[in-house]
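K.L.:
Need coordinates for the below:
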Amino acid sequence: MGHVCSHLRRVAEVLAARPIDALLPTHEQTWLFAVGRPLLATPAPLVTSTASAFGRLQGKIAFARTADAVGLPQPE
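P.N.:
Alright, predicted model coming up:
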């Protein structure tokens with residue numbers, strides 16, 4: 001967890017030092033920033049879903065239930 005926190009601290013330093021319009025994380029970083037958003041000292045221009053949204057889609061069963069709820073077709 002220490003490495004994750006130090007990564008988030010460094011990102012917060014960069015965001016504070018530079019005029020960045022948006023931070024667009026990809027792949028695993030998306031989950032990291034969704035969960036770690038509260039650890040960033042200032043409001044970040046972060047383009048990602050909330051941690052709770054990731055929880056609804058993270059596992060296969062949770063994803064299948066969400067897909068059913070919104071009418072998204074999926075394989076049998």
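K.L.:
quick one: average confidence on the helix or strand encompassing A69?
P.N.:
Assignment of secondary structure by DSSP states H and E places A69 within helix 60-70. Per-residue confidence for helix 60-70 averages out to 91 on the pLDDT scale.
K.L.:
Give the other helices and strands that it contacts.
P.N.:
The helices and strands touching helix 60-70, judged by 3 or more C-beta pairs under 8 Å, 6 or more residues apart in numbering; DSSP states H and E, are helix 51-57. Bear in mind the C-beta positions are built from the backbone N, C-alpha and C, glycine included.
K.L.:
Give the other helices and strands that the helix it packs on contacts.
P.N.:
Counting contacts by 3+ C-beta pairs under 8 Å, 6+ apart, helix 51-57 is packed against helix 28-36, helix 60-70.
K.L.:
follow-up on the earlier one: what are the contacting residues of the helix holding A69?
P.N.:
The set of residues external to helix 60-70 that reach it, using C-beta atoms under 8 Å, 6 or more residues apart in numbering, is 55-57, 72-74.
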